[in-house]
Every structure is written in C-alpha cells, then in structure tokens.
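A structural model of the following input is requested.
(chains A and B)
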Amino acid sequence: MSTTSTKTEKVARAAGVRAATGSAGPGRGRKQGSKRGSMGVQNFAGWLFSTPFLVLFTVFMAFPIVATLLMSFTDFGLRNVTHPLEANFIGFENYTKLFSDEKFLKALFNTAYFVVIGVPLTILLGLVVAVLLNNGIDRARTFFRVGFYAPVVTSIVAVAVVWRFVLDPSDGLIAGLFSEVGLTAPDFLGDEKLAMPSLIAMAVWRNLGTVMVLFIAGLQAIPTEVREAAKLDGAGMWQEFRAITVPLLRPTLLYATVITTIGYLNVFEEPFVMTQGGPSDSTLTVSLDMYREGFNFFHMGYASAMAYVLFVVIMGITVLQLRLLKDNTK
Amino acid sequence: MHRAARTASVATALATAFAVTACGSSAGGEVAADKKQTLTVWAMGAEGEKLVDVAKEYEKANPNITVKVTPVGWDVAHQKLVAAAAAGKMPDVAQMGGSYMGEFAELGVLEPVDTKTFDEKDFFPAGWQQGEVEGEAYGVPWYVDTRVLYYRTDLAKKAGITKAPADWKGLRAMASALQDKADSKWGIYMQPRGLDTVQSFYPFLYSAGGEIVDKDGTPVIDSPAAVKAFKEYGDYVKQGLSMKSSQPGYDPLKDFNTGDVPMFFSGPWISTLIKDQYPDLKGKWAVAPVPADKTSTSMAGGSSLVVSKDSSHKAAAKEFIKYLTDAKGQTDWFERTSDLPANTEAWKTGELADSPSLQVFKKQMETAKSSPTLANWTEVTSKVDAAVESVTQGKASPEDAAKKAKSEIESLVK
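As a prediction, the model looks like this:
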C-alpha cells in the first residue's frame, strides 16, 4: 500500500514540475534592447499605451490612497468637506483613539470571527462541490455548476430578500420546518449569538461559487495521465484525492484562501443589508463601522485611520498565508 | 468578494472633494428674475417625479424660465448632496429633509431665506423650525409630516373598544385587549431596536415632556420625563405587547392587514399606501392623535426647499419657491402627492378642511416638535437608538440607559 502512494506522489510531483517549467517557458526566449536606435520609439510607444492605465491608476487609486493616509492624521470632519485645507494635523491621535474605542474593538473581533469560521467553511465546501461536480453526475453537471455559481452573480439585495425569507422567525422557511415538528424557530437575525453565524452561512453560500469555479479550473488542469497512472497503481478515490488532487491543487488552494480571506476581512454587504450591525453591535464589522463613521457621522479622519488599520491587518494576514501555504515540498 | 478596493472608498469621495473645491468658486453675477434662464432643481423620490409636472405648468406661466428638475433617489440623496456641496455644484434649488439642514448649514452652502418674502406665521411652527439653524432660516417649509396612531377599528370593536385611546394607560389597555380578545399576535408595533428607533420613540419622549437636548443645547435625555418615556416604551416589549426584534426595514403594513399588528405609529404617507395596497381594509381602520401623557406631542418631519449660496439664479429661485409654498401651490401639491401642506392657509378649504383623518394630522402638527438642527444630529440620535435598544432588550434599566446616552451625547454637543 505505502509503495503505491509514494509512487503516485512522485508522478504527481513530476507533473507539477513539468507544468511549472512549461508556464515559465515563453517569457524566457525574449532578449531585451537588441537595437539601440529603436529604444526611444519603443519607450514612447510603451508610455503611450500605458498612459490610460497610469492616468486612471493615479486618479482613482494612488491619489485616494495617499489622501486617505494624510487624512488619517487629521481631524477631517463635516466642515472640511467644503474646506479641506482647514483640517488640523493631529498626529497619531486617531490611531490611539481607535484602540481604546470599544466599538471598534468589537468590530475587529466580529470581523475576525467572520474570517475564522467563514474562510475554512467556504474553501472546504467549495472544494467538495468542485470535486463532486468534476467527477460523477455527468448529465446534470452544467446545471449544478450554474446552480452553485448563481449566487455569485446575483445582486445582494435579491439575496437579502431570499435569506430574510429563509430566516424570518414568524413565517420563514426554517420557521415553517420547525413548526412542522412542533418547535419554535429561533430568531436568527435578532439573537445576538445567532446573528453572526447566520450571516456567515449566507456569505459562504454566496461565495461558494467563486471558489468552486477556481477549484474546477484547477482540477481540470491536472493531467489525466497522472490520474491514470495512479489508478494503474491501484489508488482508490480517497488516495487519489489525497495524493494527486490536493498537492496539485495547492496553488489554487492558496489563491482561493487568500482572496476569500481578503474578501471576508472586508465584509460589509451582509451585515449592511441584513442587520445594520445589530443586534447590539453583534454583527458590526470593521468595514461597516468605517462606513458609519465616515459617511453617517463624517469623522473622515477617524474613518481613514480605520481604513489603514484594516489595510495593515489584511496585508499582514496575506503575507502570513503566502508564507504558510506556499508549496514547500520543492 | 470583489471588494479589495473598499479600503480606499472613503478616500475616493474626498479625493473628488479635494480636487474640485479649488475650482468650484461662486459663479459671479446674478441674473434677474425676469431674464431668460434655466433653474436647476433637485427633489427626492416620488416628490422629484411629481415636481416635473408642476415645473411644466410653472414654465407655461413664466415663459422666460426653464425649470430642470432632477429626481434623486432617497437612498442616494444624502451622498449626492454632500458630493455636490463639496464640489461647489449644488443645484439652484434643492429639497432638504429636516435632518440634513444642520449639516448643510455647517457646510456653508445654503442661502438664508428672505424673510420679507416668506413669513414664518404662514407655516406650522415645527415646519418652519426644521429650516432654522441657530436662529437663521435656511429652508422654506414645503410639506410636513407627523406621526399619529393607526389602529384597526374592526378589531378594536371585537375587543370591546369603541374609542381611540386618549392617554398612555388607555393605549396599554387597548394593546392588551386587542391581543387577548381580538386574537392579534401583538398589541402594537413599536420599533424595538436598530437604526432610527428614535423616530418611534419621539412620540413617547415628547408626550412625557422630555427632550434629547434642550434649547440651550444641553443634553437632557436623562430627565425624569425622558426616563419615564424609556420605561413606558420598554414595558411594551417586556410584557410581550410589542415584538422584541424586527428586521431592518420592517414594514408593519402587511401585518396590519392580517391583524397581527393592529396598531402602530406612522406618518401620513401610510394612509395612501393602505388605500393603494389594501383596499379591502376600507372602513376598518382609523387614525388617532398620539396618546397623551403630560401632553399629546408627536414628532414633526417633512421637507424644506433651500437655495444654494453659489446660485446665480437666486431671484428666480425665490419666485419658484414662492409658487410652490403659497396656499394655492400647496393645495395643488397635496392633490398630486397627498403630502401635507406646510402652509396653514392651504388647510382652510376642500378635503384638507373636511376630512376627519386629515384633521387629526393637522391638530397633531400644530403641537408637534421638530428635532434640533445640529450638524451631527445623526450621531446624537444614534446614541438614543442604542439607549432604547438596551431598554427593550432588557440589558439596562431605563435610568442607566438614559445616563449612558446623556454622557455620550454630552461629548458630542459640548
């Protein structure tokens, strides 16, 4: 038994390496700066073609990023919307205030909760669904793929209507099932302990499709000869999954985990449309808190500081994930 | 999941602010009212659409004026107005809710009202106050609303009640009777928590003689009267007469129709909605004044019309606003929209004078209170929302909730 699996792993690794070198191939042959004379023209053309991007990037990304950073060191408030230059520089005051702000700390905790439960669930279920849809059920495959992907392309408002109906404690779907067996359904969105799990369930359902598509693409990139070799070696379904699918899916897994984590750290829509952060701030996330501080209360400086704290958190976690999940078998 | 850029979103709006204010300075000379010109007007939601028709009639009578009305959705209205203010691109005339007034006055983009043309005495006091910031009027009242009690008369009869409740005791008794004898699931609906719970709380607070901040700007939300209101409000939930949690945006109308919620407080637009959506309810419901404690005092809402400080069409804008807010214009507007006239003269004839339910609104409006027009009023009321929530959810006593709200509001109004 053990010999089969090591063999299979070797084949897998070989295929993985082949794939990696294959993709690095085309870039290598090109030599740069072959003729001195055409450099200027080439450069000019290069700049010309990248101008639209550079302009858009500067106006819509670089400038706001820098402006937000500057603003986070000021007391930018409502009045400064029309008189921006009258905002006062207050150093790190916004940042120090943040970490004694109970509401913000609660939002930070809630966001962490959302990520810690939501990300593994999304990845795991996405993987399971992708594997199931990639094998088995030949006839209805497309139907199911579309079915699982549909929530991704549906507007959050429509999603909210559906989920409210599912979760409604008096005449919702779940309440109906409960009363069928003579029980009273819990008030999912009105109960402090259940509100966040309910939102997580909704987010997992919504984002499953994205992850699933990534995994299906990853699964289809696995060469069939590797699978066939494994089968010839007598590997069962589970062994094939463990020794072939998971290792070769590693880059996809890493990518899916990173983008899901970033997405969930930014979670905004679910609490915004479903609970407005309630009950008792139990579903208040950092993004929602930031939105309120900035656009409802006009504490723009403070909200900018929040944005930067969130940015640093996301950056840190992403770097950590890249380190931990990187393919260290090579 | 594609929200990577969210972090920068706060900045994007302000980046525009930075970029455009520099070149948004005011547009020089003013145009006289009788010259040919185009007036830009922003109005919200259904009002925006109806105003398009009114503008057409106005153009017929005043051929030199072209009125360009832009209907703006209520959900985006606030952001669009702030962005316009930041960019120095406010429309000549804009509709403005009472809760925005303090903010925009603070931004310095509003032109004070010419009190020689518009007389305070022509309007409901609470309507006029909504346009005032620190004693200076910036908005002319366009229409008003106030909250009254809606109740199911047929269910009340079943419960053995023939008259609307006059005071708090009567209201509580009626709620229990409806629940016990008329098979209603709840006695009444009062928003238990969440955003803008304060609007549901105002009728109790004001009727008890309480306020959030007094005339001098001192927070008084912990006054004995206010504490009493917190207690009364919370008791409905505690006794199971009103639901303990409702989802954001819950509209009691559907449950009003089924009889699950036989009473609730709301504004005049609900009457129109009931007539449109539930015609079968005809003759089975009525409105009544807010049940009294010390007094029967409701909250006042509505919209005013403002003129932009940078506008070069102020004279024409004034004429147009005059047209919309004089008695004739107000009656016409009521017929088109069912919005209640802010001008009291308009109430003296026709349906406005004859309909008993409209008279309930009128009477309530005469004593209704409007919220102070402070720049950070949204933030102040959010503390009251939280206080009501902690009482209805049984997390704090009315006294403690009130004290906490007071200290939080103190740091906001200074």
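
next up, the contacts around the residue minimising distance to the centre of chain A.
Compute the mean C-alpha point of chain A, and by C-alpha atoms, centre = their mean the closest residue is residue A:260, 2.1 Å away. Each residue near residue A:260 by C-beta atoms under 8 Å, 6 or more residues apart in numbering or on different chains is listed here: A:118, A:119, A:122, A:123, A:207, A:210, A:211, B:1. (C-beta placed from N, C-alpha, C; glycine too.)

so which of the residues you listed wins on neighbours?
Within these, neighbour counts (other C-beta atoms under 10 Å in any protein chain shown) peak at residue A:211, which reaches 29 neighbours.

looking at the residue in chain B that chain A sits nearest to now. What's its pLDDT?
With C-beta to the nearest C-beta, the shortest gap between chain B and chain A falls at residue B:245, namely 2.9 Å. Residue B:245 is assigned 88 on the pLDDT scale.

do the one 4 residues further on as well
Per-residue confidence (pLDDT) for residue B:249: 80.

hang on, the earlier thing: now the closest residue to the residue of chain B closest to chain A other than its chain neighbours: phi and psi?
Nearest residue to residue B:245 in three dimensions, chain neighbours excluded: residue A:190, at 2.9 Å (C-beta to C-beta, 6 or more residues apart in numbering or on different chains). With angles defined as degrees, to the nearest 10, residue A:190 sits at phi -100, psi -10.

what about residue A:190, neighbour count?
There are 23 residues near residue A:190, going by other C-beta under 10 Å.

I figured it hits residue B:250, correct?
No. Look at residue A:190 against residue B:250 with C-beta atoms under 8 Å: they stay out of range, at 10.7 Å.

name the residues of the stretch 151-300 of chain B found near chain A, please.
Residues of the stretch 151-300 of chain B lying near chain A by C-beta under 8 Å from any C-beta of the partner chain: B:193, B:194, B:195, B:244, B:245, B:246, B:247, B:248.

the most centrally placed residue in chain B in helix, strand or coil?
For chain B, the residue nearest the mean C-alpha position is residue B:301 (2.9 Å; C-alpha atoms, centre = their mean). Under DSSP: H, G, I helix; E, B strand; the rest coil, residue B:301 falls in the strand class.

next SSE after the host helix or strand of residue B:51?
According to DSSP states H and E, residue B:51 maps onto helix B:45-61. Of the helices and strands lying after helix B:45-61 in sequence (DSSP H and E), the nearest is strand B:65-72.

need the contact list for residue A:216.
A:130, A:133, A:134, A:145.

the last one: neighbouring residues, count only.
The tally of other residues near residue A:145 (other C-beta under 10 Å) stands at 18.

tell me if I'm right that it and residue A:132 touch.
No. With contact defined as C-beta under 8 Å, residue A:145 does not reach residue A:132; the gap is 10.6 Å.

smallest gap between the stretch 201-330 of chain A and chain B, at which residue?
Residue nearest to chain B within the stretch 201-330 of chain A: residue A:263 (3.7 Å; C-beta to the nearest C-beta).

mind listing the helices for the stretch 201-330 of chain A?
For the stretch 201-330 of chain A, applying DSSP state H, counting those that start in this stretch gives helices covering A:224-232, A:237-240, A:246-248, A:250-265, A:269-274, A:286-291, A:300-325.

re the thing from before, which of the contacts of residue A:260 scores worst on pLDDT?
Among the contacts of residue A:260, pLDDT bottoms out at residue B:1, giving 39.

how about the nearest residue to residue A:187, chain neighbours excluded?
Of all residues not flanking residue A:187 in the chain, residue A:169 sits nearest, at 4.2 Å (C-beta to C-beta, 6+ apart).

what's the neighbour count on residue B:259?
18.

same check, this time on the one 10 residues further on
Other residues near residue B:269 come to 14 when the count uses other C-beta under 10 Å.

same check on residue B:319?
By the criterion of other C-beta under 10 Å, residue B:319 has 18 neighbours.

for residue B:375, give me the pLDDT.
If you check residue B:375, the pLDDT there is 87.

tell me the secondary structure at it.
Counting by three-state DSSP, the backbone at residue B:375 sits in coil.

the residue nearest to it when sequence neighbours are not counted: which element?
The shortest distance from residue B:375 to any non-neighbouring residue, by C-beta to C-beta, 6+ apart, is to residue B:106 (3.8 Å). Here residue B:106, judged by DSSP H and E, is contained in helix B:98-107.

residue A:267 and residue A:113 touch, don't they?
No. Contact criterion C-beta under 8 Å: residue A:267 and residue A:113 do not qualify, at 10.4 Å.

residues in contact with whichever residue of chain A sits closest to chain B?
The minimum distance from chain A to chain B, using C-beta to the nearest C-beta, falls at residue A:190 (2.9 Å). By C-beta under 8 Å, 6+ apart, the contact set of residue A:190 is A:169, A:279, B:244, B:245, B:246, B:247.

secondary structure class for the fifth one?
Classification of residue B:246 by three-state DSSP places it in coil.

show me the contacts for it.
Contacts for residue B:246 (C-beta under 8 Å, 6+ apart) come out as A:190, B:189, B:191, B:192, B:194.

what sits against residue A:249?
A:127, A:215, A:218, A:219, A:222.

how about the helices of the stretch 201-330 of chain A in JSON lines, adding mean pLDDT?
Output for the helices of the stretch 201-330 of chain A, formatted as JSON lines (pLDDT from 0 to 100):
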{"stretch": "helix A:224-232", "mean pLDDT": "86"}
{"stretch": "helix A:237-240", "mean pLDDT": "84"}
{"stretch": "helix A:246-248", "mean pLDDT": "87"}
{"stretch": "helix A:250-265", "mean pLDDT": "94"}
{"stretch": "helix A:269-274", "mean pLDDT": "92"}
{"stretch": "helix A:286-291", "mean pLDDT": "96"}
{"stretch": "helix A:300-325", "mean pLDDT": "93"}
